[in-house]
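Participant: Below is the sequence, then the predicted model.
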Amino acid sequence: MPHIQGMIYETKTALILRKDLAGWQTANVAAFLAGGLAGTHAELMGEPYRDGAGRAYSALIREPVFVYGGTTEELRRTHLRALSRDLVPAIYIEAMFGTANDADNRAAVAAAPSDALDLVGVGIHGPRKTIDKVVNSLKFLG
């Protein structure tokens, strides 16, 4: 349950994006990662919206998504920290910029050993304290 004034949730969602991405890449990777996390963690989704005229709008993720920037090495470290805490991260790798569909994206990931993934983005969702440990020392993307 969120605390109304400070909106403190028991869970936390974080995206860690490589700092040197082009603007369009940053937006694209963030969208893919957030969608992946929302698809994996149904509790992330809020209720659908309606405007004053009664028109329906899609539900949004119910809690803030914290976006951090990192170097390639910081993404690798974050990925390993997430795995060591039994989180199931969403990932985006460099090779996916050259693909055109989900099947090719999955094939690109499958072709790389987990310790050699060329990560450009990592998304994580889980208990707030666990996520804080995983992203420890990272700075917000800005």
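Facilitator: Noted; the coordinates are in hand. Numbering: from 1, shown residues only.

Participant: can you give me the strands in the protein?
Facilitator: Using DSSP state E, the strands of the chain run over 11-18, 49-50, 56-57, 65-70, 90-93, 119-127, 139-140.

Participant: Including distance to Arg106, mean pLDDT and mean neighbour count, could the ones you listed go into JSON lines?
Facilitator: C-beta: built from backbone N, CA, C; applies to glycine. Formatted as JSON lines, the strands of the chain follow (distance: least, CB to CB, whole Å; pLDDT from 0 to 100; neighbours: other CB atoms under 10 Å):
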{"stretch": "strand 11-18", "distance to Arg106": "20", "mean pLDDT": "98", "mean neighbour count": "23"}
{"stretch": "strand 49-50", "distance to Arg106": "32", "mean pLDDT": "98", "mean neighbour count": "10"}
{"stretch": "strand 56-57", "distance to Arg106": "30", "mean pLDDT": "98", "mean neighbour count": "9"}
{"stretch": "strand 65-70", "distance to Arg106": "23", "mean pLDDT": "98", "mean neighbour count": "19"}
{"stretch": "strand 90-93", "distance to Arg106": "11", "mean pLDDT": "98", "mean neighbour count": "23"}
{"stretch": "strand 119-127", "distance to Arg106": "16", "mean pLDDT": "98", "mean neighbour count": "25"}
{"stretch": "strand 139-140", "distance to Arg106": "30", "mean pLDDT": "98", "mean neighbour count": "10"}
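
Participant: Ala82 is nearest to which of those?
Facilitator: strand 119-127 (5.1 Å; CB to CB).

Participant: ok so, going back, mind checking which of the strands of the chain is nearest Ala100?
Facilitator: Ala100 lies closest to strand 90-93 among those, at 14.8 Å (CB to CB).

Participant: so where's this structure uncertain?
Facilitator: 1-7 (pLDDT under 70).

Participant: residues touching the residue nearest the centre of it, list them.
Facilitator: Nearest to the geometric centre of the chain sits Gly123, at 2.4 Å (CA atoms, centre = their mean). Counting by CB atoms under 8 Å, 6 or more residues apart in numbering, Gly123 touches Thr13, Ala14, Leu15, Ile16, Leu33, Ala34, Gly36, Leu37, Pro89, Ala90, Ile91.
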